[in-house]
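Give me a model of this one.
(one chain, ligands or ions: 2)
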Amino acid sequence: MNLPLNNFSNPENNVEQKQLKTPINSIAFIDTTVPDYQTLIAAINPEFEIVLLDSTRDGVEQISSILANRNKLTSVHIISHGRDGAAQLGTAQLSLNNLDKYTNQLQQWKSALTKGADILLYGCDIAAGDAGKAFVQRLGEITQADVAASDDLTGNKLLGGDWELEVQTGQIKAPLLLSQKAQEAFLALLNTQQTKLIASDGAGNDWFGNSVAISSDGNTALVGSRLDDTGSNSNQGSAYIFKLNVTAILRSLGLD
Ligand SMILES: [Ca+2]
Ligand SMILES: [Ca+2]
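Numbering: from 1, shown residues only. Ligands and ions are numbered 1, 2, ... in the order given. Sure thing, here's the model as predicted:
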């Protein structure tokens, strides 16, 4: 006898129901200047709410206004660029130097969080050095949350990064943002410098890089060299096209 397929026996068909029943306790803010952030969104654990940060506005304000309408969150994940002791959130660079300016807003995050909630900062080097550790400590004091951040490159291990947040205050019990497979799929680093472009035939006073344009997918760059010489034409000017070449990056690291 052939039994009809029972939809409820298939977990795939039950996803929507489960999402409706399970309250969302974790939220991920992604700064849209992060390269290939669409891949990241697709890879994030489905139990997270995802909010994109507009790169043309103050990111601390954006996070604050979203959190003003949330409660009982157990973890807040912030994926952005970073550098020693600072996180780039939209147009705001949150650092030890300006935490005081944002204290009022940051203190209000508390109302969205449960006791012992975690704030996780994924940007490269945010927790690096004394400034980074002091920044993590102070952010924890202001928000009354446990804070974790990375003291090195965050991103694909083939590019020299990892997804560990080495510096932590309190107990971090947040769910994993990305599965192991997703960590490997995201081929970028959350640092500010990906690579340095140099003209192969550059010369003094060429003004290479005087003008730059990037394609909307971030994979192609057009770099102007305003006073480049061509043959006997002094200062004729030229433009170079660079394509992102992941294979070449891996080869340069001896990993292809
Ligand atoms: Ca905690
Ligand atoms: Ca790390």
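
lowest-pLDDT helix or strand in this structure?
Least confident helix or strand, the chain: helix 15-21 with a mean of 48, by mean pLDDT, DSSP states H and E.

Which elements pack onto the lengthiest helix in the chain?
When the chain is parsed with DSSP state H, its longest helix is helix 129-143. Counting contacts by 3 or more CB pairs under 8 Å, 6 or more residues apart in numbering; DSSP states H and E, helix 129-143 packs against helix 103-108, strand 113-121, strand 146-149, strand 167-168. No exception for glycine: its C-beta is placed from N, CA and C like everyone else's.

So that helix, near ligand 1 or not?
No. Using CB under 5 Å from the ion, helix 129-143 stays clear of ligand 1, coming no nearer than 10.2 Å.

Tell me the gap between that helix and the middle of its chain.
19 Å (CA atoms, centre = their mean, to the nearest Å).

my read: Gly129 touches Arg83, true?
No. Between Gly129 and Arg83 there is no contact under CB atoms under 8 Å: 10.2 Å.

Between these two, which is the more surrounded one?
Shown here are Gly129 and Arg83; by other CB atoms under 10 Å, Arg83 has more neighbours (19 against 12).

Got the phi and psi for the nearest residue to that one once chain neighbours are set aside?
Distance criterion CB to CB, 6 or more residues apart in numbering; nearest residue to Arg83, sequence neighbours excluded, is Asp125 at 5.4 Å. Per-residue torsions, Asp125: phi 60, psi 10 (degrees, to the nearest 10).

Tell me how many other residues surround Asp125.
By other CB under 10 Å, neighbour count at Asp125 equals 24.

Could you verify my assumption that it touches Gly82?
Yes. With contacts counted by CB under 8 Å, Asp125 reaches Gly82, the gap being 5.7 Å.

Show me whatever sits in contact with both of those two.
Contact with both Asp125 and Gly82 is made by residues Ser150, Asn191, according to CB atoms under 8 Å, 6 or more residues apart in numbering.

Asn25: what's it in contact with?
Counting by CB under 8 Å, 6+ apart, Asn25 touches Glu47, Lys72, Leu73, Thr74, Ser75, Thr114.

pLDDT at it, what is it?
pLDDT, Asn25: 96.

tell me which parts of the stretch 1-150 of the chain are close to ligand 1?
Proximity of the stretch 1-150 of the chain to ligand 1 (CB under 5 Å from the ion) is limited to residues Gly116, Asp118, Asp146.

So what's the residue count around the residue nearest to Ala68 when sequence neighbours are not counted?
Using CB to CB, 6+ apart and skipping residues adjacent in sequence, the residue nearest Ala68 is Gln108, 6.7 Å away. By other CB under 10 Å, 14 other residues sit near Gln108.

what about Gln108, distance to ligand 1?
Distance from Gln108 to ligand 1, counting by CB to the ion, to the nearest Å: 19 Å.

residues contacting that residue?
So Gln108 contacts Ser64, Leu67, Ala68 (CB under 8 Å, 6+ apart).

so Leu40 sits right up against Ile79, yeah?
Yes. Between Leu40 and Ile79 a contact is recorded at 6.7 Å, counting by CB under 8 Å.

give me every residue that touches the residue in the stretch 1-150 of the chain that ligand 2 sits nearest to.
Using CB to the ion, the closest approach of the stretch 1-150 of the chain to ligand 2 is made by Ser150 at 3.5 Å. Each residue near Ser150 by CB under 8 Å, 6+ apart is listed here: 82, 121-127, 162, 164-167.
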